[in-house]
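*Asks:* Need a 3D model of the sequence below.
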Amino acid sequence: MWKFLQPPAPQPALAPHSVDAHYKRLRWQVFIGVFAGYAAYYLVRKNFSLAMPYLLDMGFSKADLGLAFSFNAMAYGLSKFLMGGVSDRSNARLFLPLGLLLASVCTILAGASVGLYNITVMAVFQFLIGWFGGMGWPPCGRVMTHWFSVKERGTKMAIWNLAHNVGGGLLGQVIKWGLLFSASLGFSSFAWQFSIFYFPAAIAILISLIALALIRDNPQSKGLPSIEQYKNDYPPNYSSESEKVLTAKEIFFKYVLANKTLWFVAAANAFVYFVRYGVQDWTPTYFAEIKHYSDTTISNAYSYYEWAAIPGTLLCGWVSDKLFKGKRAMTTIIFMVLVAISIVVYWLSPFGKSVDLIAFTAIGFFIYGPVMLIGVHALDLAPKNAAGTSAGLSGFFGYFIGTSLLAHIVMGYVLEHYGWTYGFQLLIGSCVVAILLMLFTYKAEKKMNDRRKQEINKTNT
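*Replies:* I've put the predicted structure just below:
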């Protein structure tokens, strides 16, 4: 690990009377930093999917484009896991902006003529964008576990998780603004490259500097006590060892490899992500090719899908906390059933554009709750200094298997050779598999919750 990325050393403790004020201010500051920073990652993540209709017009096939795009998710999944281990031993304040800056530069190059030359070149740039993009989630998980305690983490993570949707939804609107801006500058010959690649990347670079100014790695580096001490909220697996930087070997073999429940959660995540990106990444092509909708309609639909996830994710978090008392698995199962129903309507509805957009928006409303809950579940299953690797494993399954292999390569091949009917059947089948896998985690999750209640009761007595 590069020396400049090492976590900051603990500073002398602040005077007790000033701890509360500093904690409250810095918690808001770092939360805004990781929220804005991670949202900006989504301005330079899925640009290629919105460029695919133009690339099809240039003569590329769906199978070829799906293969090239698969390198984005493949690299993202690998990076989220491998760089998650690096992130657990790095300064989040530097790690997150660095990945965003590098992903933005690669996005600019991917939109240039050199980046659109052939499928191999596209795949190389998509791999680089995915790899640097994978540096976003792990430092956010590190920050959230260091600055927010177990009892409040579910709610705070649900709110932070909306950064996915704010950034993803803004991408469609930023592209529209880019089209207007490019027209005013007379860039008609390469307006779509400017609006899809250059303009969003420039905004992301600016936000990387803002994130650098706001994020702080951990409370101790600012002279504050650990969040567990500050909130008097100690999880069952907490000890003084939780504050130490663990070795890569300890993290993987002790807290990840031997955790059976984490592997079930990770496997379910693969199929949840297949649905998430199998719908989202191919909808611009579906709407353009089958429905013949305009560029404006497609950009708006992309935004609706992401923004609908904001109330959907909050509702999912509320259902998990209030109705099921923290049981993530059952909430995920219910929401995946509703996703499957929405996909059926989206696929088979004969009622035209309005119902198409409503059904597509409903998928976005329901799918991001499970995405968020699986991430929180993964964080809960490991100590906070192994949080990046734990979440990285579920992310690896989600992006490498669910997105790269299934949503891009398999989906692209099926659409090219068998058509949209078989593609939709794959998506519905994936919902069923995700539901079955989450049923396996329900019993283990119940035992973990019962243990935590017993620890709380011992503390109270």
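*Asks:* what's the spacing between the closest residue in space to residue 162 that isn't next to it in sequence and residue 169?
*Replies:* Taking Cβ to Cβ, 6 or more residues apart in numbering, and ignoring the residues beside it in sequence, residue 162 has residue 310 as its nearest neighbour in space, at 5.1 Å. Quick note: C-beta positions are derived from backbone N, CA and C, even for glycine. Distance, residue 310 to residue 169, by Cβ to Cβ, to the nearest Å: 8 Å.
*Asks:* Please compare those two by neighbour count and tell me which comes out ahead.
*Replies:* For residue 310 versus residue 169, neighbours defined as other Cβ atoms under 10 Å are more numerous around residue 169 (23 against 19).
*Asks:* my guess is the more buried one contacts residue 306, does it?
*Replies:* Yes - using Cβ atoms under 8 Å, residue 169 and residue 306 qualify as a contacting pair, with a distance of 3.4 Å.
*Asks:* Toward the C-terminus, what is the element adjacent to the worst-scoring helix or strand of the chain on mean pLDDT?
*Replies:* When each helix and strand of the chain is scored by mean pLDDT, DSSP states H and E, helix 248-249 comes last, with a mean of 59. Beyond helix 248-249 in the direction of the C-terminus, DSSP states H and E gives the next helix or strand as helix 260-280.
*Asks:* Which neighbouring elements make contact with the following helix or strand past that next one?
*Replies:* Taking DSSP H and E as the definition, the helix or strand that follows helix 260-280 towards the C-terminus is helix 283-286. Judged by 3 or more Cβ pairs under 8 Å, 6 or more residues apart in numbering; DSSP states H and E, helix 283-286 is in contact with helix 47-57, helix 295-318.
*Asks:* Try it again at 10 Å.
*Replies:* helix 47-57, helix 62-87, helix 295-318, helix 328-348, helix 353-380, helix 411-417, helix 420-460 (3 or more Cβ pairs under 10 Å, 6 or more residues apart in numbering; DSSP states H and E).
*Asks:* Give the buried residues for the shortest one.
*Replies:* Judged by neighbour count using 16 or more other Cβ atoms under 10 Å, the buried positions of helix 411-417 are 411, 412, 414, 415.
*Asks:* would TSV of those with distance to residue 302 and pLDDT be doable?
*Replies:* Shown next, in TSV, are those (distance: Cβ to Cβ, whole Å; pLDDT from 0 to 100):
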residue	distance to residue 302	pLDDT
411	17	92
412	19	87
414	22	92
415	18	91
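*Asks:* May I ask which two of these are separated the most?
*Replies:* Across the buried residues of helix 411-417, no pair lies farther apart than 412 and 414, at 7.4 Å, counting by Cβ to Cβ.
*Asks:* how about low-confidence regions in the protein?
*Replies:* Counting by pLDDT under 70, the chain has low-confidence residues at 1-2, 114-115, 154, 186-189, 233-258, 326, 379-392, 444-461.
*Asks:* if I pick the residue positioned nearest the centre of it, what's in contact with it?
*Replies:* Ranked by distance to the mean C-alpha position of the chain (Cα atoms, centre = their mean), the top residue is residue 164 at 5.9 Å. The neighbourhood of residue 164, defined by Cβ atoms under 10 Å, 6 or more residues apart in numbering, consists of 38-39, 41-42, 45, 137, 276, 306, 309-310, 313, 368, 371-372, 375.
*Asks:* quick one: it from residue 108, how far?
*Replies:* Remark: distance between residue 164 and residue 108 (Cβ to Cβ) = 22 Å.
*Asks:* between the helix or strand containing residue 169 and helix 260-280, how big is the angle?
*Replies:* The secondary structure element spanning residue 169 is helix 163-184 (assigned by DSSP H and E). Following axes from the mean of the first three to the mean of the last three Cα atoms, to 10 degrees, one obtains 30 degrees for the angle between helix 163-184 and helix 260-280.
*Asks:* what is in contact with residue 412 and residue 414 at once?
*Replies:* Contact with both residue 412 and residue 414 is made by residues 62, 63, 66, 423, according to Cβ under 10 Å, 6+ apart.
*Asks:* I figured the second one was touching residue 415, is that so?
*Replies:* Yes - with contact defined as Cβ atoms under 10 Å, residue 63 reaches residue 415; the gap is 8.0 Å.
*Asks:* what about the residue lying closest to residue 409 once chain neighbours are set aside, how many neighbours?
*Replies:* Closest residue in space to residue 409, ignoring its immediate chain neighbours: residue 70 at 4.6 Å, by Cβ to Cβ, 6+ apart. Look at residue 70: counted by other Cβ under 10 Å, it has 25 neighbours.
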